[in-house]
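# Just need the structure, nothing else, for what follows:
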Amino acid sequence: MPVWDVSSVSADENRWGFGSDLGLTTGTVNDTVFTLGFNLDYYPDPNFSIGPMMQISPMGDLFQISFAGVGRYHIRFNNRINLVPYAGIGLIHADLDRGTGPGSIDRNDTSWLIPIGLSLEYQAVHNIALSSTLQVNLYDINLSPSLSENDHTSIALLFGIRWGP
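Prediction:
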(Lines give C-alpha, C1' and ligand atoms only; values in the text may rest on other atoms or scores of the structure.)
Protein backbone atom coordinates (compact mmCIF):
# COMPACT_ATOMS: atom_id res chain seq x y z
CA MET A 1 0.00 0.00 0.00
CA PRO A 2 1.49 3.39 -0.98
CA VAL A 3 2.37 5.97 1.64
CA TRP A 4 1.07 9.49 0.89
CA ASP A 5 2.88 12.61 2.04
CA VAL A 6 -0.04 14.99 2.60
CA SER A 7 2.09 18.06 3.34
CA SER A 8 3.82 18.13 -0.06
CA VAL A 9 0.58 17.47 -1.95
CA SER A 10 -1.41 20.26 -0.26
CA ALA A 11 1.38 22.81 -0.78
CA ASP A 12 1.46 22.07 -4.51
CA GLU A 13 -2.33 22.12 -5.01
CA ASN A 14 -2.97 25.70 -3.86
CA ARG A 15 -2.87 27.20 -7.36
CA TRP A 16 -6.17 29.13 -7.32
CA GLY A 17 -6.81 32.80 -6.69
CA PHE A 18 -9.87 35.04 -6.58
CA GLY A 19 -10.40 38.77 -7.00
CA SER A 20 -13.25 41.22 -6.62
CA ASP A 21 -13.42 44.87 -7.66
CA LEU A 22 -15.73 47.83 -7.68
CA GLY A 23 -15.41 51.10 -9.50
CA LEU A 24 -16.59 53.12 -12.46
CA THR A 25 -16.69 52.52 -16.21
CA THR A 26 -16.75 55.57 -18.46
CA GLY A 27 -17.47 55.81 -22.18
CA THR A 28 -20.51 53.51 -22.26
CA VAL A 29 -23.74 54.33 -24.11
CA ASN A 30 -25.05 55.63 -20.76
CA ASP A 31 -21.96 57.72 -19.91
CA THR A 32 -20.31 56.64 -16.62
CA VAL A 33 -21.70 53.62 -14.76
CA PHE A 34 -20.96 51.77 -11.51
CA THR A 35 -19.19 48.44 -12.12
CA LEU A 36 -18.58 45.27 -10.12
CA GLY A 37 -15.84 42.88 -11.20
CA PHE A 38 -14.94 39.30 -10.30
CA ASN A 39 -12.12 37.05 -11.46
CA LEU A 40 -10.92 33.53 -10.80
CA ASP A 41 -7.29 32.70 -11.54
CA TYR A 42 -5.44 29.43 -11.95
CA TYR A 43 -1.65 29.75 -11.49
CA PRO A 44 0.29 27.18 -13.57
CA ASP A 45 3.34 29.25 -12.58
CA PRO A 46 3.71 31.78 -9.70
CA ASN A 47 4.11 34.62 -12.23
CA PHE A 48 1.34 33.68 -14.68
CA SER A 49 -2.38 33.06 -14.22
CA ILE A 50 -5.32 32.33 -16.50
CA GLY A 51 -9.02 32.30 -15.79
CA PRO A 52 -12.44 33.85 -16.26
CA MET A 53 -13.30 37.47 -15.53
CA MET A 54 -16.80 38.94 -15.18
CA GLN A 55 -17.83 42.59 -14.97
CA ILE A 56 -21.37 43.73 -14.34
CA SER A 57 -22.92 47.22 -14.37
CA PRO A 58 -26.32 46.66 -12.76
CA MET A 59 -27.63 50.17 -12.07
CA GLY A 60 -29.39 52.95 -13.92
CA ASP A 61 -30.68 52.82 -17.47
CA LEU A 62 -27.88 50.53 -18.64
CA PHE A 63 -27.45 46.90 -17.62
CA GLN A 64 -24.14 45.64 -18.97
CA ILE A 65 -22.44 42.30 -18.33
CA SER A 66 -19.23 40.90 -19.75
CA PHE A 67 -17.37 37.60 -19.52
CA ALA A 68 -13.83 37.01 -20.76
CA GLY A 69 -11.02 34.52 -20.50
CA VAL A 70 -7.96 36.44 -19.32
CA GLY A 71 -4.22 35.79 -19.09
CA ARG A 72 -2.28 37.75 -16.44
CA TYR A 73 1.46 38.17 -15.95
CA HIS A 74 2.41 38.95 -12.33
CA ILE A 75 5.55 41.06 -11.92
CA ARG A 76 6.46 40.90 -8.23
CA PHE A 77 8.83 43.46 -6.74
CA ASN A 78 10.64 43.11 -3.41
CA ASN A 79 8.79 46.06 -1.83
CA ARG A 80 5.35 44.28 -1.75
CA ILE A 81 4.27 45.94 -5.00
CA ASN A 82 2.98 43.82 -7.89
CA LEU A 83 2.38 45.00 -11.44
CA VAL A 84 -0.09 42.81 -13.34
CA PRO A 85 -0.68 43.45 -17.07
CA TYR A 86 -3.42 41.36 -18.65
CA ALA A 87 -5.47 40.82 -21.79
CA GLY A 88 -8.29 38.54 -22.80
CA ILE A 89 -11.16 37.79 -25.12
CA GLY A 90 -14.85 37.26 -24.45
CA LEU A 91 -18.38 38.62 -24.84
CA ILE A 92 -20.23 41.73 -23.65
CA HIS A 93 -23.99 42.30 -23.50
CA ALA A 94 -25.55 45.77 -23.11
CA ASP A 95 -29.23 46.44 -22.42
CA LEU A 96 -30.30 50.11 -22.48
CA ASP A 97 -33.80 50.92 -21.21
CA ARG A 98 -34.20 54.71 -21.09
CA GLY A 99 -37.45 56.62 -20.57
CA THR A 100 -41.10 55.93 -21.32
CA GLY A 101 -43.39 56.99 -24.13
CA PRO A 102 -42.64 57.69 -27.79
CA GLY A 103 -39.00 58.76 -27.24
CA SER A 104 -38.07 55.81 -25.05
CA ILE A 105 -35.16 53.50 -25.81
CA ASP A 106 -35.33 49.76 -25.14
CA ARG A 107 -32.48 48.12 -27.08
CA ASN A 108 -29.82 45.51 -26.42
CA ASP A 109 -26.87 44.01 -28.21
CA THR A 110 -24.14 41.42 -27.64
CA SER A 111 -20.62 41.81 -29.00
CA TRP A 112 -17.14 40.36 -28.82
CA LEU A 113 -14.93 41.88 -26.09
CA ILE A 114 -11.18 42.43 -25.73
CA PRO A 115 -10.25 43.66 -22.23
CA ILE A 116 -6.73 45.08 -21.85
CA GLY A 117 -5.64 46.21 -18.42
CA LEU A 118 -3.02 46.89 -15.82
CA SER A 119 -3.36 46.30 -12.08
CA LEU A 120 -1.16 47.79 -9.40
CA GLU A 121 -1.28 45.63 -6.29
CA TYR A 122 -0.01 46.10 -2.75
CA GLN A 123 0.73 42.74 -1.13
CA ALA A 124 -0.79 43.23 2.36
CA VAL A 125 0.08 39.66 3.48
CA HIS A 126 1.51 36.70 1.57
CA ASN A 127 -1.83 35.74 -0.06
CA ILE A 128 -3.94 38.96 0.07
CA ALA A 129 -3.32 42.06 -2.07
CA LEU A 130 -5.10 45.40 -2.42
CA SER A 131 -5.55 46.33 -6.06
CA SER A 132 -6.14 49.30 -8.33
CA THR A 133 -6.94 48.48 -11.96
CA LEU A 134 -7.19 50.50 -15.16
CA GLN A 135 -8.86 48.59 -17.99
CA VAL A 136 -9.68 49.46 -21.60
CA ASN A 137 -12.52 47.46 -23.16
CA LEU A 138 -12.73 47.10 -26.94
CA TYR A 139 -16.04 45.92 -28.43
CA ASP A 140 -18.77 46.84 -30.94
CA ILE A 141 -22.15 47.51 -29.31
CA ASN A 142 -24.81 48.64 -31.81
CA LEU A 143 -28.10 50.00 -30.39
CA SER A 144 -29.40 51.53 -33.64
CA PRO A 145 -31.83 52.83 -34.71
CA SER A 146 -32.47 54.14 -31.15
CA LEU A 147 -28.93 55.50 -30.86
CA SER A 148 -27.17 56.59 -34.04
CA GLU A 149 -23.63 56.12 -32.73
CA ASN A 150 -22.12 52.72 -32.00
CA ASP A 151 -20.24 52.06 -28.77
CA HIS A 152 -16.69 50.78 -29.40
CA THR A 153 -14.68 51.40 -26.21
CA SER A 154 -14.95 52.04 -22.51
CA ILE A 155 -12.45 52.61 -19.72
CA ALA A 156 -12.85 51.17 -16.22
CA LEU A 157 -11.13 52.29 -13.02
CA LEU A 158 -11.59 49.61 -10.36
CA PHE A 159 -10.42 49.09 -6.78
CA GLY A 160 -10.42 45.67 -5.19
CA ILE A 161 -8.85 42.85 -3.31
CA ARG A 162 -7.02 39.70 -4.52
CA TRP A 163 -6.62 36.37 -2.79
CA GLY A 164 -3.95 34.15 -4.26
CA PRO A 165 -1.64 31.24 -3.58
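
# For the helix or strand where residue 161 lies, buried residues please.
Assigned by DSSP states H and E, residue 161 belongs to strand 151-163. Across strand 151-163, burial judged by 16 or more other CB atoms under 10 Å covers 151, 154, 156, 158, 160, 162. To be clear about C-beta, it is placed using only N, CA and C from the backbone, and glycine gets the same treatment.

# Stretch 83-92 too?
Neighbour-count burial for stretch 83-92 [16+ other CB under 10 Å]: 84, 86, 88, 90, 92.

# Show me which of these is closest to residue 123.
residue 84 (11.3 Å; CB to CB).

# can you give me the helices in this protein?
6-13 (DSSP state H).

# What residues sit buried inside stretch 110-128?
Buried, per 16+ other CB under 10 Å, within stretch 110-128: 111, 113, 115, 117, 119, 121, 123.

# Now residue 143: closest residue in space, sequence neighbours ignored.
residue 107 (4.2 Å; CB to CB, 6 or more residues apart in numbering).

# Neighbours of that neighbour, how many?
Counted by other CB atoms under 10 Å, the residues lying close to residue 107 total 17.

# picking up where we left off before, among the buried residues of stretch 110-128, which lie within strands?
Secondary structure defined by DSSP state E assigns 111, 113, 115, 117, 119, 121, 123 of the buried residues of stretch 110-128 to strands.

# With distance to residue 102 as added columns, please give those in a markdown table.
Formatted as a markdown table, those follow (distance: CB to CB, whole Å):
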| residue | distance to residue 102 |
| --- | --- |
| 111 | 28 |
| 113 | 33 |
| 115 | 37 |
| 117 | 40 |
| 119 | 45 |
| 121 | 50 |
| 123 | 55 |
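
# Model confidence at the closest residue to residue 67 other than its chain neighbours, what's the number?
The shortest distance from residue 67 to any non-neighbouring residue, by CB to CB, 6+ apart, is to residue 90 (4.9 Å). pLDDT, residue 90: 98.

# if I pick residue 90, what's in contact with it?
Contacts for residue 90 (CB atoms under 8 Å, 6 or more residues apart in numbering) come out as 53, 66, 67, 68, 69, 112, 113, 115.
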